[in-house]
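Enquirer: Task: produce atomic coordinates for the following.
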Amino acid sequence: MVAPSPRAPDNANSRVKAVLGPTNTGKTHLAIERLCAHSSGAIGFPLRLLAREVYDRVCAIKGARQVALITGEERIEPKDARWLLCTAEAMPIGRDLAFVAIDEAQLGADRERGHTFTDRLLHARGREETMILGSAALAPMVKALVPGAEIVSRPRFSTLSHVEPRKLSRIPPRSAIVAFSADQVYAVAEMLRRFRGGAAVVMGALSPQTRNAQVALYQSGEVDYLVATDAIGMGLNLDIEHVAFAGLSKFDGVRQRRLTPAEMAQIAGRAGRHQRDGSFGALAGSGREVAFTPEEVFAIEEHRFAPIPRLFWREAEPRFDNLGTLIGDLETPPDRPELVAAPEAIDLAVLRRLADEPDVTATLTGPARLKRFWEACSLPDFRSQGVETHARFVARLWQELAHGRLGSDHAPRAIAQLDNVSGDIDTLQGRIAAVRTWAYIAQRPDWVPAREEMAERARAVEARLSDALHARLTERFVNRRTAVLMKKLGPDAALLPVRLDGDAVSVDGEPLGRLAGFRFVVDPAARHADHKLLLAAAERHLPALLAERAQALIADAALPGSADPPLALADGTVRWRGEDVARLQAAAQVTSPRLALAPALDALPAPRRGEVLAALETWLARRLRPLAPLARIEAASREAASGPDLRALLIRLVESGGVLPRADSGLDRVDPRQREALRKLGVRIGALDLHVPALLRAGPAQLWRQLAALSARAPLPPVAPAMAPVLPLAGSRPPLGYRALGRLALRVDKAEELLRDAHARRTATRGPAFALDPAPAQALGLTTAAYARLLQLAGFRPLARRDLDPAAHGPPAPLRWRWQPPRRAAPEAPAAPATGAFAALARMVA
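Expert: This next block holds a predicted model:
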């Protein structure tokens, strides 16, 4: 095999300057100044993100029409562009430019990409000036490989100091925590969300747009912490004061190894900016011992590192005579001791893998076809799926590229399938990596038709996916409310701008929770771990908020009744705007319960609690006015002048809700004077029941039941919602104020009306037998059987029965009855019939 001839550097007579030093030395800023000082030029960066950032800066200086951005996935190339910002791989080698710079040239020692950076160091030259930027450890390589280069050492602007390991909860604000796996990044970010309100997340797998959005989250001060992989060590200029290492080893693609001091310094050097000093240290309590050795601390603080011994090299211009020659050239070792053959990269591994496929090799019929095939194999593995999977993807592309461009619907269909913003963080990262692959493909006009359109589609999908990924990261790892509180809780916590908007309590616009009555309820969207913090923040301001709330309660308690009152009484509890504020307690008198404020009101000062209690007692007195007749009866029951028999009857009447069966009332022991007292108290004495008409309504009945329940030892009768004259009987016990008549229940005042009518008919008829028409009872909704049951309870006895089915015999004929006086005293003279709505006519049954 014939080795390729060595390639001389472009513009061999260019003045070469190597600007070497640690981070935070202004090397990139210097390169931008020199670029803009020349008539044309290019800078090669290690990251698309960096190229884009500097592109924006140069556009602001030179104008967008004269500046180009050239990366694998994105190309913005105006016709008259003279200043080019590129990734190292995409640099246009051989183009006549006045100035050329390569950034982070020490990456020539990187196993995967080192051969590209070495090639640029050796061959990328500007017509007038060339600048090599990198670490001081690169100096021996520059001296050996670029004879005559001027080496300029740039000192760090600020001091970098080591501090002892700290637990995550003790890491100061404006810190970056560096981990070396996605799982560890997520775990640290989750803990920071709990302790400090969250963190921005930066990983190499993020798209530049997502990475920029996360960085902006940190730079804006919305969060005070950044969790990152070692991707933070390159190209991100951030306001970081401290860097904490969650680990000191990483997997480099071959093995798990400890970071070199130079790699540690590259990451730690992100702390401090310009003239501000920074610090670095290990993260304590991470489950493994993480500690710097004294030698490593010295090297990082003093910026003294072992020189890079060799750079990786691979032939950049292989021959395409045949497949064997191509692979041989790519595997040829360098002939200089400063260089070493690069490990097999993903492109060469794919080439070797597909070289064993007869269907593929059959298409490699000439140098042009072989060169095109090598370009396809050089497609970056953005998805990091490994040689086998990536080789299969390249093979599918080559099936079409071997004969021309991809099919007209191939790229559009693939890009459209990735245009889906649903899914979790890992799913979105996978889609972004896949669409970056198609963005790269779309930059090749000889690969896809309508290159500009396909590139724009890919960029648009990547932008949407990046927005969605940023939203998922922020949603998972940032709790804005906790971040605001952590910044401001402390000596100045009393100055927090806490607002009460209706029931919602917020601080700096972030919801804390709500006031449920006088009880603070943490926002249900908050995680359980945040509850203690939110309660602590709210407690500092609750007295002032509760004072406002108490004043509003007092004002509402003074309002007259309305259709939707703010205060309500339900189940013995006073509720204000749906929340408990007081509880009724049993007292000596059923109609005069005590009122006890809810525990939530204990936070009020004692004078204010007294004002609230007085306002609620006044409101309760108004609310219980419908029970005024019962209250008068209860008061009479406590007067000695009423006599023991009447007092016993009145007590039983109160305990039964104003309705008492006559047979069990003890009325026969009450003399005429006491009966007159009963009438003056509003008590009606009927044939079957004693009752207070004013209480036979739903409102008073429900109020009585709430009060009676405070001290009741036995089950209380139910209360009918509307107190209709007739109800179907559910169970064996009728509702309060009703008499059971078979399967129906009749309100006692209506029962007395029917019985008064029956007695009136009896007295108007001569002889022992008389007819009673069931029509009035049926108009109320009673069946004839229920009406007959009522009459029998009152002492009436039927003389005959008749089929009263209206469908068979038309209108029912009256039954004939006789009356057998009960042994107890006769009923009182009929009173004027009570008014009220009649129930609909029910079907009659015999």
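Enquirer: Show me the shaky parts of the stretch 701-846 of the chain.
Expert: Residues of the stretch 701-846 of the chain that meet the criterion pLDDT under 70 lie in 800-816, 818-846.
Enquirer: Helices of that one, start to end?
Expert: Secondary structure of the stretch 701-846 of the chain (DSSP state H, counting those that start in this stretch): helices located at 748-764, 775-780, 784-793, 806-809.
Enquirer: export the ones you listed to a markdown table and tack on distance to Thr365 and mean neighbour count?
Expert: (Each C-beta comes from the backbone N, C-alpha and C, glycine too.) Formatted as a markdown table, those follow (distance: least, C-beta to C-beta, whole Å; neighbours: other C-beta atoms under 10 Å):
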| stretch | distance to Thr365 | mean neighbour count |
| --- | --- | --- |
| helix 748-764 | 108 | 19 |
| helix 775-780 | 106 | 20 |
| helix 784-793 | 106 | 20 |
| helix 806-809 | 103 | 9 |
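Enquirer: Same list (the ones you listed) but as CSV, adding distance to Leu512.
Expert: Listed next are the helices of the stretch 701-846 of the chain as CSV, based on distance: least, C-beta to C-beta, whole Å:
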stretch, distance to Leu512
helix 748-764, 55
helix 775-780, 58
helix 784-793, 61
helix 806-809, 69
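Enquirer: Relative to Ala463, tell me which of those wins on proximity.
Expert: Among those, helix 775-780 comes nearest to Ala463, with 75.9 Å by C-beta to C-beta.
Enquirer: Does Lys17 fall in a helix, a strand, or a coil region?
Expert: Following DSSP: H, G, I helix; E, B strand; the rest coil, the label given to Lys17 is strand.
Enquirer: List the residues that contact the residue lying closest to it once chain neighbours are set aside.
Expert: Distance criterion C-beta to C-beta, 6 or more residues apart in numbering; nearest residue to Lys17, sequence neighbours excluded, is Glu150 at 4.7 Å. Each residue near Glu150 by C-beta atoms under 8 Å, 6 or more residues apart in numbering is listed here: 15-18.
Enquirer: ok, now Tyr225?
Expert: 171, 173, 175-177, 192, 196, 198-200, 218.
Enquirer: again, only this time at 7 Å
Expert: 175, 177, 192, 196, 199 (C-beta atoms under 7 Å, 6 or more residues apart in numbering).
Enquirer: all strands of the stretch 251-400 of the chain, in order?
Expert: 256-258, 278-284, 311-313, 339-341 (DSSP state E, counting those that start in this stretch).
Enquirer: counting contacts, what elements does the second one pack onto?
Expert: If I follow you right, that is strand 278-284. Secondary-structure packing of strand 278-284 (3 or more C-beta pairs under 7 Å, 6 or more residues apart in numbering; DSSP states H and E): strand 160-162, strand 166-167, strand 242-245.
Enquirer: partner strands of the longest one, parallel or antiparallel?
Expert: Strand partners for strand 242-245, identified by DSSP bridges, are recorded as strand 175-178 (parallel), strand 278-284 (parallel).
Enquirer: Format those as JSON lines; extra columns: mean pLDDT.
Expert: Compiled in JSON lines, the strands paired with strand 242-245 are given as follows (pLDDT from 0 to 100):
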{"stretch": "strand 175-178", "mean pLDDT": "94"}
{"stretch": "strand 278-284", "mean pLDDT": "92"}
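Enquirer: Kindly list the longest helix within this protein.
Expert: helix 451-477 (DSSP state H).
Enquirer: what's the neighbour count on Gln275?
Expert: Gln275 has 9 neighbours, counted by other C-beta atoms under 10 Å.
Enquirer: Next: Phe305.
Expert: A total of 20 residues lie near Phe305 under the criterion other C-beta under 10 Å.
Enquirer: Quick check, it in contact with Pro261.
Expert: Yes - using C-beta atoms under 7 Å, Phe305 is in contact with Pro261, at 5.5 Å.
Enquirer: Mutual contacts of those two, please.
Expert: Here Phe305 and Pro261 share the contacting residues Ala299, scored by C-beta under 7 Å, 6+ apart.
Enquirer: Serialize the contacts of Tyr225 to CSV and add fields for neighbour count and distance to Pro343.
Expert: Shown next, in CSV, are the contacts of Tyr225 (neighbours: other C-beta atoms under 10 Å; distance: C-beta to C-beta, whole Å):
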residue, neighbour count, distance to Pro343
Ser175, 25, 35
Ile177, 25, 31
Leu192, 29, 37
Arg196, 22, 41
Ala199, 30, 35
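Enquirer: CSV for the residues you listed, including distance to Arg697?
Expert: Shown next, in CSV, are the contacts of Tyr225 (distance: C-beta to C-beta, whole Å):
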residue, distance to Arg697
Ser175, 70
Ile177, 70
Leu192, 63
Arg196, 61
Ala199, 64
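Enquirer: Specify which member of those is nearest to Gly517.
Expert: Arg196 (32.2 Å).
Enquirer: What's the per-residue pLDDT of that closest one here?
Expert: Arg196 is assigned a pLDDT of 79 by the prediction.
Enquirer: ok, it to Ala342 distance?
Expert: As for Arg196, its distance to Ala342 is 43 Å (criterion: C-beta to C-beta, to the nearest Å).
Enquirer: Need the nearest residue in space to Leu515, chain neighbours excluded.
Expert: Nearest to Leu515 is Asp503, by C-beta to C-beta, 6+ apart, at 5.3 Å.
Enquirer: how many neighbours does that neighbour have?
Expert: For Asp503, the neighbour count with other C-beta under 10 Å is 15.
Enquirer: before we move on, back to that, which of the helices of the stretch 701-846 of the chain sits closest to Gln674?
Expert: Across the helices of the stretch 701-846 of the chain (criterion: C-beta to C-beta), the nearest stretch is helix 748-764, sitting at 20.4 Å.
Enquirer: gap between that closest one and the chain center?
Expert: Distance, stretch centre to chain centre, for helix 748-764: 69 Å (C-alpha atoms, centre = their mean, to the nearest Å).
Enquirer: now do stretch 105-114
Expert: Taking mean C-alpha positions (C-alpha atoms, centre = their mean), stretch 105-114 and its chain are 42 Å apart.
Enquirer: And for stretch 79-86?
Expert: Here the centre of stretch 79-86 is set off from its chain's centre by 45 Å, with C-alpha atoms, centre = their mean.
Enquirer: in it, what counts as buried?
Expert: 81-86 (16 or more other C-beta atoms under 10 Å).
Enquirer: that older thread, and the helices and strands packed on strand 278-284, which is most packed in?
Expert: Using mean count of other C-beta atoms under 10 Å, the stretch among those with the largest mean neighbour count is strand 242-245, at a mean of 25.
Enquirer: Quick one: residues contacting Ile415.
Expert: Taking C-beta under 7 Å, 6+ apart, we find Ile415 in contact with 435, 438, 457-458, 461.
Enquirer: What's the first helix or strand after the helix or strand hosting it?
Expert: In this assignment (DSSP states H and E), Ile415 forms part of helix 410-417. The helix or strand immediately downstream of helix 410-417 is helix 425-442, counting by DSSP H and E.
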